[in-house]
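> from the sequence below, what's the structure:
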Amino acid sequence: MKLSILMPVYNERTVVEPCVSQVLTAPLPENLERELVIVDDCSTDGTFAILGRLAAAFPQIRLYRHEQNRGKGAAVRTAIEKASGDFSLVQDADLEYDPSEYPRLLRPLLDGHADAVFGSRYLVGEQTRVLLFWHSVINKCLTLVSNMFCNLNLTDMETCYKVFRTDLLKSIPIRSNRFGFEPEIVMKSAKRKLRIYEVPISYHGRTYEEGKKIGWKDGVKALGVVLKYWLIDDLYATPYGRGVLNNLTGTPQYLSWLARTLRPYLGDAVLEVGAGIGNITGRLMGRRLLYVAAETDSLYLHALRNRFLRTPNVTVQQLDPEAPQDLAGLENCFDTVLCLNVLEYQQDPGLVLEALRATLKPGGIVLILAPQSPKLFGSLDRSMGHRRRFRASDARQLLESHGFVVDRVRHFNRAGTPPWWLYGKIAGSRKISKLVLKTFDKTVWIWRRVDRLLPWPGLSLIVVAHTNGGAANSRVACELNNASSTN
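Numbering: from 1, shown residues only. Next comes the predicted model:
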């Protein structure tokens, strides 16, 4: 395994050589190699010449240079792009932090407990230089504000020592060019549900006379960064069509409405394909003997495993519904299959339904949630990667042609249809703002009560069907009868 040490450098000619020396000789856990990725941010004091000499002498160093000064965040972003290790650690070039503490920082990652480890200057470390009171107060206040908005209990958000699994770090877009990197990566790590650990570290801080660069203006900007990334869900470096899954974490009332609608049809053994980051899983898994949350995407699988690490009745499984071999061994295992916002992405929805039918017991239930009405197909669908929207008749025919008996087709979320039409067909937008989503969510208690009274089609279709091999189980049949009588 390999550790990538990411070192942004700007005008540090007096300390950079001893710092690099300490980094290259610092102890590492057994069988862990190192590379030092240095990005010189257009130093003007001769630092780059020193770095060039060091890079020529030590093969572990990979040296890059910005042609103009862009800031620490930009230098770290470049270093992340160049990193090739399994883990990545941010190391400033100023000797304020002690490289001999790398093993302590890496231990939670190597043990498999953490996705990210932060070194805290305010936990009890071996030694900490006593420095400016107001500087520490500002740091602690920034940490407090960050914790309030991202719901973590960190003690040191602004710490330099942050270590990540490299695959996860590369998947997080870094937009800040200066010291806003610290609050940005914390906010995005929290929203991505990374497992974050803190360990105590030593701190040998510098005074401004000794070359410290961060100032009070950067503290004010950090507050703006916290607020910005609380409002904006910019979480994946590669555009993810299903990135709406993360916006939906901010719509708990809508998700509860959907879960309440689906829950009566669930059996004791459930397979959810396309489980995403577990928004619905967490609301439906209760009282099930077996709940398999299946995904194809490695980042979503990681989020699911983190979320349900200690949930005994939930199993997370990598499964591509378009690959029948992934379902081998699951024949006749489940009472219910959930296929929520999946079919619209598939090249051949019929192939998916055929494969899923084999996993159901005789009379087993399949629950489909799919976008409704081809007339609504627009820029929002294209940005999410949708291939199609369904008519109710098309959905019924599709299921019946692949061995299912359709029990019910229901329009769902009629209140969402006009905004989707305005954003996707009229305005040509590629996303719906978080403010609109939150406003909708706060008023879901009204919309779910009047949903059946609105005179236009729903934004989505819910289809309930059972396999041809037998009648739907009696409990679900009873729920269908009750639903018909109350609706």
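
> quick one: contacts of the helix or strand harbouring V352?
Element membership for V352, per DSSP states H and E: helix 349-357. For helix 349-357, contacts defined as CB atoms under 8 Å, 6 or more residues apart in numbering pick out 271, 273, 321-322, 324, 327, 337, 339, 342-343, 346, 366, 398-399, 401-404, 467. C-beta here means a position set from N, CA and C on the backbone, and glycine is covered the same way.

> could you list the paired strands of the lengthiest strand in the chain along with their orientation?
With secondary structure taken from DSSP state E, the chain has its longest strand at strand 360-371. Applying DSSP bridges to the sheet, strand 360-371 is found paired with strand 334-340 (parallel), strand 460-467 (antiparallel).

> show me the shaky parts of the stretch 251-400 of the chain.
Counting by pLDDT under 70, the stretch 251-400 of the chain contains no low-confidence residues.

> helices along that one, start to end?
With DSSP state H, counting those that start in this stretch, the ranges of helices along the stretch 251-400 of the chain come out as 252-262, 281-284, 298-307, 349-357, 379-384, 392-400.

> out of those helices, flag the one nearest G73.
helix 298-307 (22.2 Å; CB to CB).

> now do that closest one: everything it contacts.
Counting by CB under 8 Å, 6+ apart, 115, 167-168, 171, 192-195, 236, 240, 242, 245, 275-278, 281-282, 293, 295, 316, 318 sit against helix 298-307.

> grab the most central residue of the chain for me.
Compute the mean C-alpha point of the chain, and by CA atoms, centre = their mean the closest residue is R192, 3.2 Å away.

> now G458, nearest residue through space, not along the chain?
Excluding the flanking residues, the one nearest G458 by CB to CB, 6 or more residues apart in numbering is H411, at 3.2 Å.

> and the one you found, what are its bridge partners?
L461.

> contact partners for it?
If you count contacts by CB under 8 Å, 6+ apart, then H411 has Q372, A392, P457, G458, S460, L461 around it.

> cool, and F58?
Counted by CB under 8 Å, 6+ apart, F58 has contacts V20, L24, L36.

> what is the burial count for the second one?
To tie it back to what came earlier, the one meant is L24. Each residue near L24 was counted by other CB atoms under 10 Å, and the total is 16.

> after the strand or helix carrying it comes which helix or strand?
Counting by DSSP H and E, the element that carries L24 is helix 16-25. Of the helices and strands lying after helix 16-25 in sequence (DSSP H and E), the nearest is strand 33-40.

> just the buried residues of whichever helix or strand comes after that next one, please?
Using DSSP H and E, the helix or strand that follows strand 33-40 in sequence is helix 47-57. By 16 or more other CB atoms under 10 Å, the buried positions in helix 47-57 come out as T47, F48, I50, L51, L54, A55.

> let me see the contact set for the second one.
Neighbouring residues of F48 by CB under 8 Å, 6+ apart: D40, R65.

> can you pull the pLDDT of it?
If you check F48, the pLDDT there is 95.
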